[in-house]
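Trainee: Let me see the structure of the following:
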Amino acid sequence: MVTFNRQGGTSSGGERQLFSIQKIFIILAIILVSLFLCALRLRSSLAEQYSVSSNPKDNSVSSNPKAIPKNKIVTSTRKNSSGDSDKPIQVAYAISLIKCSDKQSSTSGLIDAATVLRHSVHQTSMRNPSSGSKYDYKMYAIVHKKAESCSHLLGDLGYHIIVKDSPVQTSEIRGDYLRKHVHKEWCCGADEFVKLFAYTIHDHPIVVHTDIDFMYVKPMDDLFDAMLLPHDSDEGKAARDKVELEYPDKQQSMPEDIQAYLTRDYHQVIPGRKAAFQAGFIVLKPNQKVFDEYLEIIREGNYVEGFSRENGWGGKGYGGVVGSMAMQGLPAYYYDEVAPNTSVELNGCRYNHMGANIFYDNVPNFIRKYKDLHGKCRRNVEGCEDCRKTDMSLIKNIHFTNCRKPWNCAGCKEDEQCTGKNDHIDPRTADYDHCMQVAKTWHEMRNDLEQQIVALTGNDKVLSEGQKGSYKKDVFMGHCDADGQSGYVPIAASKENMAVTVTKIWKETK
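Mentor: Model (predicted):
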């Protein structure tokens, strides 16, 4: 009986325990259902306020005005390379390194060229508040595998290194003439096609690709705005009106979706012939399809030998000038014939400024028997702007070609006793006084960097050693002690100083 009574007592307590547990589960279930309903209501509310595309690749801003914070322009709310819409848009600035040295520049000159180029990007970006720009930047170097051994020099300057082989091997080219002759093309032959990888830098909405002998003088916000803003919006129209075109009468016929800005190499062309692309500068939207189309054109190799109107790429006249088998002729053919009305030709005196003579009165490609063309603008229009006389205040960026490389100390006139081989300013293709102004602009940019390094590190040797030259100091600012490449005085900052420059002076935005 005792045993029974204990069992009976135990059974009664278990029932009470089971009932308590059931109550707890019921309460938890009610709480979970309530939370779920609250979450659904919150999600519905957010969906109404911020209607965004269900496509994960669609980064466009909603048309709902509530989705755009007040006092913010549309471009500032677009996603940047990290996907964060609160950060400013980051433009990719790229150069290509195809070989470690050439006859045009010394190694120290090339290093300083890349250094000053980067500083000029920085100075014309939002990281320098006085620039007035709203765009951020990231530096890239597309390095051919043949130049990989020296690419660390650019990495030390904060360039993001992309090592690539030529996108098309010569053996892949089906056209006989191009396959057998492209290796002879100026600079680098088929290796120059490595520049096309600029179209594959997909982490940025815009890529600016230039040669290393380049510098920026003013921000290019108007170009970027016209590329990114809706073409029919008030902001988009205003930006397009500010873009300085080679042919201003085409202002109203700009493509709705601008895929690229470029300039032409008019100083090489015979009036009435098609001008090549100037391969030292292009602003583009990354596009895998465009990249693939370029590669197929190269592989096809439809390049016609000769110098007539039916020569060059596709037999359309895109040939017969320096670089026409590579990156001078190919992009001109692509944007004119393959993808027309997708690019905009900029004023070559303002953008990619070279100070070149574009009147048909002397070399290159000057044929004396064409007397009816003598003195005409090579663009074959009246009222051609003379880039040798363009006011420096109008220039957006500079490509150091006709006016020579600033780090080669080319300060010698043709009629002077020049020590630097081929470093004098050729009066047939450029104006000496203008070129001295162009060179001084680069040396002023270098001086600005040197002054900032000294202010940050206290290393006075940057000035005492780096500006000890006395040759034409009013132009070269102490960076040259004699005429010619051998007279150049390199930047005297130590590796530690340059590391501080990368992390402090050129520091990234947070």
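Trainee: From here on, just use CA atoms for contacts and neighbour counts.
Mentor: Fine.
Trainee: Tell me the helices and strands packed up against the strand or helix carrying residue 238.
Mentor: Following DSSP states H and E, one finds residue 238 within helix 234-242. Other elements packing on helix 234-242 under the criterion 3 or more CA pairs under 8 Å, 6 or more residues apart in numbering; DSSP states H and E are helix 221-228.
Trainee: returning to what we had before: now the helix holding residue 238 against helix 221-228, angle please.
Mentor: Comparing the axes of helix 234-242 and helix 221-228 via axes from the mean of the first three to the mean of the last three CA atoms, to 10 degrees yields an angle of 130 degrees.
Trainee: could you give the mean pLDDT of the very next helix or strand once past helix 234-242?
Mentor: Under the assignment DSSP H and E, the closest C-terminal helix or strand after helix 234-242 is strand 260-264. Averaged across strand 260-264, the pLDDT comes to 97.
Trainee: Return the alpha-carbon coordinates of strand 260-264 using PDB.
Mentor: Output in PDB follows, covering the C-alpha atoms of strand 260-264 (Å, rounded to 0.1, in the frame of the first residue of the first chain):
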ATOM      1  CA  ALA A 260      33.800  56.600 -74.000                       C
ATOM      2  CA  TYR A 261      35.500  59.900 -74.500                       C
ATOM      3  CA  LEU A 262      38.600  60.100 -76.700                       C
ATOM      4  CA  THR A 263      40.800  62.400 -78.700                       C
ATOM      5  CA  ARG A 264      42.300  62.100 -82.200                       C
END
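Trainee: Tell me if I'm right that residue 89 and residue 135 touch.
Mentor: Yes - here residue 89 lies in contact with residue 135, judged by CA atoms under 8 Å, at a distance of 5.5 Å.
Trainee: Neighbour count: those two, which is higher?
Mentor: Per other CA atoms under 10 Å, whichever of residue 89 and residue 135 has more neighbours is residue 89, with 25 against 21.
Trainee: Report the separation between that one and residue 358.
Mentor: Here residue 89 is placed at a distance of 36 Å from residue 358 (CA to CA, to the nearest Å).
Trainee: so who does residue 333 touch?
Mentor: Residues in contact with residue 333, defined by CA atoms under 8 Å, 6 or more residues apart in numbering, are 313, 314, 316, 318.
Trainee: Could you rerun that using 10 Å?
Mentor: Listed by CA atoms under 10 Å, 6 or more residues apart in numbering, the contact partners of residue 333 are 274-277, 297, 312-319, 324, 339-340.
Trainee: what does residue 156 give?
Mentor: Neighbouring residues of residue 156 by CA under 10 Å, 6+ apart: 495, 498, 499, 502.
Trainee: of those, buried ones?
Mentor: Buried members of the contacts of residue 156, scored by 16 or more other CA atoms under 10 Å, are 498, 502.
Trainee: which among the contacts of residue 156 gets closest to residue 437?
Mentor: residue 498 (27.5 Å; CA to CA).
Trainee: Tell me the secondary structure at residue 116.
Mentor: helix (DSSP: H, G, I helix; E, B strand; the rest coil).
Trainee: just use 45 as the starting number from now, easier for me
Mentor: With 45 as the first residue, the last one maps to residue 160.
Trainee: just the strands in the stretch 395-544 of the chain please.
Mentor: Here the stretch 395-544 of the chain has its strands, by DSSP state E, counting those that start in this stretch, at 441-443.
Trainee: which regions of it sit below the pLDDT cut-off?
Mentor: Scanning the stretch 395-544 of the chain for pLDDT under 70 picks out 459, 461, 463-467.
Trainee: What is the burial count for the spatially closest residue to residue 308 that is not a sequence neighbour?
Mentor: Nearest residue to residue 308 in three dimensions, chain neighbours excluded: residue 321, at 4.5 Å (CA to CA, 6 or more residues apart in numbering). Number of residues near residue 321 (other CA under 10 Å) recorded here: 25.
Trainee: How about the contacts made by residue 321?
Mentor: So residue 321 contacts 306-310, 362, 367-368, 371-377, 379, 389 (CA under 10 Å, 6+ apart).
Trainee: Please give the element, helix or strand, for the residue most central in space within the chain.
Mentor: When CA atoms, centre = their mean is applied to the chain, the residue found nearest the centroid is residue 252 (1.5 Å). Residue 252 is part of strand 251-254, with elements assigned from DSSP H and E.
Trainee: can you pull the buried residues of that strand?
Mentor: By 16+ other CA under 10 Å, the buried positions in strand 251-254 come out as 251, 252, 253, 254.
Trainee: Ok, stretch 275-285 next?
Mentor: Quick answer for stretch 275-285 (16+ other CA under 10 Å): 275, 280, 281, 283, 284.
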